[in-house]
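> Turn this into a structure:
(2 chains, ligands or ions: 5)
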Amino acid sequence: MSNLTEAIREQARKILADKKIDLVIGYAEGDNPMRTQLVFIDKVEDIDKLVWPSFGLINLANYLLRYKNTPHKIGIVAKGCDSRSIVALLKENQIDRDRLYIIGVNCPGMLSRQVAREKVGEIITAEDKGDGNWKLTTVEGTKEISCFDLMPSNCVACRHHAPVISDVIVGDPVTEPEGDGYDDIREFEQKSPAERHECLKQEMANCIRCYACRQACPTCNCDECFVDVTQPKWVDKGVEPTDVAIWQLIRTYHQAGRCVDCGACEEACPAGVKLLWLTRKMNLVVRERFGFEAGVDPEALPPLATYKKEDPQEFIL
Amino acid sequence: MIKINDLRTLFEHLKRESQIVGLKKDGSRYFYQVIDLYDDWESSVLLGNFSPKEVFFPQDEVLFYFKAQKTILPKDEVKPNVLWGVRPCDIAGIGELERMFNQEGEEGYKDPYFIQRFDKTLIVGLACTEPWPSCFCTSVEGSPYKSEGADIFIYPTEDGYLIETPSKKGEAAIEGLDVEEVGDVSQLEVDRRRAESKIKKYEFGSVTGGIADKLKQMIDSSFWDSIHSACIGCGTCAFVCPSCHCFDVSDASRGARGLRSRQWDSCLYEGYTLETSGHNPRPSGSQRWRQRLNHKFNYFVEVFGMYQCLGCGRCGRACPVNINIAEIAAKAISWE
Ligand code: SF4
Ligand code: SF4
Ligand code: SF4
Ligand code: SF4
Ligand code: SF4
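Ligands and ions are numbered 1, 2, ... in the order given. Model prediction:
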C-alpha cells in the first residue's frame, strides 16, 4: 500500500469519525487493468476501500455538483488539478466552501490508459512491477514500460502539483518543473495553418459525439448544454464534420478561464480524441492575453466574468 | 465439419462476391471496417473497441430527405458484406438487434434500414481461444465456442481451422472451397472447456427464474441509490455495447433539402426521457441505472426470453469510472 493511500485513509477516517462530514469522495481499485473506480464513503468501516490510484485521471470535483442543493458536508480527495476545479466552481457559486473538507494531495502525477493504448496497443492485463515499470500484456505481446512513458500530456505540462486550496495536505511536496509547460502547444503553433487544420480535422473525424468529455468535466456544467437545446437548434445532431467542429469549438470556448488541464475529458473519450490540444491552446491564449490561469488564485476574477476596456479584442470576429 | 489449413483461402473465397468487414487498426483502436487485404485483418484482437453493430445500425443514419411535399429515400446501395471474425458474444448481440428490428408476425416492428443490411450480410464467427479478463459470456448463456447465429463458424485448432456452417447461407457460401472433411471433432469439446474455464463466472440463476425475478421485486429498492453514484451519464457503455439499440430522431436542413436522421442514444443520458413539457420521468441517475440494468436483465428477458447483455465486457472496459454491469447485476442478486 502506498504512503499516500495510507495518509488519505487516515485523514478520511478522522473527519468521518469526528462527524465533520457526511461522506468522503475518493478513488478505489478498479477491476480492469489500468482502471480506477470511485467510492462515496459514509461509514468508517468502508474507509479501507480508498486508495491513491496510479490511473486516476478522473476529476473528483465533478461530483461536488451533485451536492449543490443538498445539505451534505463532503470530504473530497483532491489532486492539484481537482483543487483548481474546486476553486473554479467556488468562483461560479456552484458549491459552498463551508460544506467542503478538502483532503489535498501533493500529486506526483497520474498515468493514462489512453497513452498506454497508444504506445503499446489494446491492453489485456497490467501489472505494476513496483520499480517504476509496468508489465503490460497487449494484443501484440508483453511489454515492459516505464511509468514516465505512461504520463498523459497534461501531467507532463502540470505546474500545480500541489493543491491550491485544501483543509489538509498529504504527501511530499513535488518540485515544479522549469518553464510554463506549454512548449508542445507553441511547437504546434509553428506549423502552417494547413497542417494545423489537417491535424485537428483528423482528431475531429474520430469524435462520435457521445459527450463523455463534457460529462467528465467539472466545469462543463450548464443546466442545459447548447448541443441539447432543440428550440432553437444551434447545431445538428450526428457526426457531420461541421457539426462536430462546432460542438468541439464551442465546448472549448466555454472552458475559457475555467479549464484546469486535468485531462479527465481526454481520458474519458471512448474514441481516443485528443481534446487537450484544443483546451491547452485556449488556456495559453487566456494566459497570454488576460494573464489568467484557471483555479489558481481564489481571488482573481475569471476573464469570462469580467470586462476591461483594455482587454485585447483584435481576434474577436 | 470441414478443415482448412489457412484462413486466407476462406477469406479470398468469400471476397470474390462481397466486401469483407472485419477488425482493422485505426490509430490505436480496432474497428469493424472494410478490409481489402487479408493481412490488414487484426486476427489476434478479441474484440473491437466498438461492436460490429454499426455495420447494420450506423451511429448516424439518414432515414429520408424531404423537399416541399416530396419525400426522397436515400440512394446508397447497400453492398453485400461478409462480417469476418466476429466473436460469439457479438454474434448474439447482432441476434438481439434482429429481434428488435425484424420482429416476427404481421404486427412486429420491421426496420427497413436494418433489414436491408442484415439480409445482405454473411456472418463469419470465430471461437475465442484466449478470452480476456473482462469477458463474462458464460454467465449470460454464452460461450466462447458458441456458433449459434453465425453463417460460418471458425474454430482455431493446433494445426489449422475447423469450419462449421450453421446456416444454409453459410453452406452455400463455402461451396467450391477446397476442403478436407473431418469426422472426429472431440478435441473441440476439450478446447471449449479450456476457454470457458478462463472466464469469470457470475451467478445470475436461470434466465427467467434468476436475476430477472429478483429485479422485479426491486423496483423501489434502496439498491438503486447505492450503485449509480460514480456514473457520469456519458453513455459510453451504450455506444460500445453490441446490443444497445436506442436511437433518437432529428431533422436538419441541407441547403434546400431537409433530412430526417437517427443517432444512437443512451438511457443513461439525462435528456433521454426528457419530455417537451420539461417533465422528466427519470430525473435521477439512480432511476436511469435502474432502467439500464432492468432492460438488460429483466425487461428483455420478459419479452424475448433472453438476456440483453451478452457478456462482452466492453462497457466496463470503456466506462471512464470502470462501472462493471456484471458486478452490479451480481450485487442485485445478493441484495437483501
Ligand atoms: S468524448 Fe470523445 S467522442 Fe465523445 S463527444 Fe467527446 S470528443 Fe467526441
Ligand atoms: S476541459 Fe478537460 S482538461 Fe479542462 S477542466 Fe474540463 S475535463 Fe479537465
Ligand atoms: S451491457 Fe456491457 S457486457 Fe453486456 S453486452 Fe453490453 S457492452 Fe457487453
Ligand atoms: S465474452 Fe465470451 S464470446 Fe465474447 S469475446 Fe469474451 S470469450 Fe469470446
Ligand atoms: S460508461 Fe460508465 S459513467 Fe458512462 S454512462 Fe455508462 S456507466 Fe455511466
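
> Look up phi and psi at residue A:100.
The phi/psi pair for residue A:100 (degrees, to the nearest 10) reads phi -110, psi 140.

> Count the neighbours of it for me.
Neighbourhood size, residue A:100 [other C-beta atoms under 10 Å in any protein chain shown]: 23. Yep, even glycine has a C-beta here, placed from its N, CA and C like the rest.

> what's the domain layout of chain A?
For chain A, the structural domains run A:1-112+A:151-290, A:113-150, going by the TED database.

> and ligand 1, which of these is closest to it?
Closest of the domains of chain A to ligand 1 is domain A:1-112+A:151-290, at 3.2 Å (criterion: C-beta to the nearest ligand atom).

> hmm, that closest one in reach of ligand 3?
No: interface with ligand 3: domain A:1-112+A:151-290 contributes nothing (C-beta under 6 Å from any ligand atom), its closest point being 11.4 Å away.

> ok, is that domain in contact with ligand 4 or not?
No: using C-beta under 6 Å from any ligand atom, we find that domain A:1-112+A:151-290 stays clear of ligand 4, coming within 13.3 Å at best.

> Let's have the domains of chain A in CSV, adding mean pLDDT and distance to ligand 2.
CSV is the format used below for these (pLDDT from 0 to 100; distance: least, C-beta to the nearest ligand atom, whole Å):
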stretch, mean pLDDT, distance to ligand 2
domain A:1-112+A:151-290, 93, 3
domain A:113-150, 91, 13
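
> any idea which of those is most buried?
domain A:1-112+A:151-290 (a mean of 19; mean count of other C-beta atoms under 10 Å in any protein chain shown).

> Of all residues in the chain, which one is nearest the centre?
No chain was given, so I picked chain A. Centroid-nearest residue in chain A: residue A:262, 2.6 Å away (criterion: C-alpha atoms, centre = their mean).

> actually chain B
residue B:242 (2.3 Å).

> That residue and residue A:272, how far apart?
20 Å (C-beta to C-beta, to the nearest Å).

> Near ligand 1, which residues of the stretch 101-250 of chain A are found?
Counting by C-beta under 6 Å from any ligand atom, the stretch 101-250 of chain A sits next to ligand 1 at A:207-213.

> Name the nearest residue to the residue nearest to the centre of chain B, sequence neighbours excluded.
residue B:93 (2.7 Å; C-beta to C-beta, 6 or more residues apart in numbering or on different chains).

> Next: residue B:12.
Residue B:12 sits nearest to residue B:38 (C-beta to C-beta, 6+ apart), 7.1 Å away.

> one step back: among the domains of chain A, which is nearest residue B:158?
The stretch from the domains of chain A with the least distance to residue B:158 (C-beta to C-beta) is domain A:113-150; that distance is 20.4 Å.

> and that closest one with chain B, contact?
Yes: Domain A:113-150 reaches chain B (C-beta under 8 Å from any C-beta of the partner chain) through A:114, A:117-118, A:121-122, A:124-125, A:139-140.

> Which ones among these lie within strands?
Using DSSP state E, the subset of the residues of domain A:113-150 next to chain B located in strands is A:124-125.

> what ranges do the strands span in the chain?
Picking chain A for this. A:23-29, A:36-41, A:74-78, A:100-105, A:123-128, A:133-138, A:141-146, A:168-170.

> The intended chain is chain B.
B:2-4, B:19-26, B:29-34, B:60-67, B:70-72, B:81-86, B:121-126, B:152-157, B:160-164, B:180-181, B:247-254, B:257-264.

> Ligand 2: which of those strands is closest?
strand B:29-34 (20.1 Å).

> In chain B, what residue lies closest to ligand 1?
Closest point on chain B to ligand 1, by C-beta to the nearest ligand atom, is residue B:234, at 7.2 Å.

> what sits against the residue nearest to that residue when sequence neighbours are not counted?
Distances taken as C-beta to C-beta, 6+ apart place residue A:212 nearest to residue B:234, at 3.6 Å, with adjacent residues excluded. Residues in contact with residue A:212, defined by C-beta atoms under 8 Å, 6 or more residues apart in numbering or on different chains, are A:265, A:268-270, B:232, B:234-236, B:320.

> Chain B - how does it break down into domains?
Split by the TED database, chain B gives B:2-56+B:77-198, B:210-242+B:267-334.

> ok, and does the longest one reach over to ligand 4?
The one in question is domain B:2-56+B:77-198. Yes: on the criterion C-beta under 6 Å from any ligand atom, domain B:2-56+B:77-198 is in touch with ligand 4 at B:46-47, B:87-89, B:128, B:131, B:135, B:137, B:142, B:144.

> what is the mean pLDDT for that domain?
On average, the pLDDT along domain B:2-56+B:77-198 is 94.

> repeat for stretch B:226-240
93.

> so which of the residues of the stretch 101-250 of chain A next to ligand 1 comes closest to ligand 3?
Closest to ligand 3, out of all of these and judged by C-beta to the nearest ligand atom, is residue A:210, at 13.8 Å.

> which residues does residue B:219 contact?
Residue B:219 touches residue B:290, counting by C-beta under 8 Å, 6+ apart.

> in chain B, which spans are helices?
B:7-15, B:88-101, B:112-119, B:168-173, B:186-197, B:211-216, B:223-227, B:236-240, B:285-294, B:300-304, B:314-318, B:325-333 (DSSP state H).

> I'd like these as a markdown table, with mean neighbour count and distance to residue A:103 appended.
Compiled in a markdown table, the helices of chain B are given as follows (neighbours: other C-beta atoms under 10 Å in any protein chain shown; distance: least, C-beta to C-beta, whole Å):
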| stretch | mean neighbour count | distance to residue A:103 |
| --- | --- | --- |
| helix B:7-15 | 17 | 55 |
| helix B:88-101 | 23 | 41 |
| helix B:112-119 | 16 | 51 |
| helix B:168-173 | 15 | 59 |
| helix B:186-197 | 13 | 43 |
| helix B:211-216 | 20 | 37 |
| helix B:223-227 | 17 | 23 |
| helix B:236-240 | 25 | 28 |
| helix B:285-294 | 21 | 24 |
| helix B:300-304 | 16 | 42 |
| helix B:314-318 | 25 | 28 |
| helix B:325-333 | 19 | 27 |
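
> Can you lay out these as TSV showing distance to ligand 3?
What follows is the helices of chain B, written out as TSV (distance: least, C-beta to the nearest ligand atom, whole Å):
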stretch	distance to ligand 3
helix B:7-15	26
helix B:88-101	6
helix B:112-119	18
helix B:168-173	24
helix B:186-197	17
helix B:211-216	13
helix B:223-227	14
helix B:236-240	6
helix B:285-294	8
helix B:300-304	11
helix B:314-318	3
helix B:325-333	5
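
> export those to CSV and tack on distance to residue A:7?
Converted to CSV, the helices of chain B look like this (distance: least, C-beta to C-beta, whole Å):
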stretch, distance to residue A:7
helix B:7-15, 54
helix B:88-101, 42
helix B:112-119, 54
helix B:168-173, 60
helix B:186-197, 41
helix B:211-216, 40
helix B:223-227, 27
helix B:236-240, 32
helix B:285-294, 31
helix B:300-304, 46
helix B:314-318, 29
helix B:325-333, 28
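
> quick one on the thing from earlier: can you tell me how far the residue nearest to the centre of chain A sits from residue A:53?
In terms of C-beta to C-beta, residue A:262 sits 14 Å off from residue A:53.
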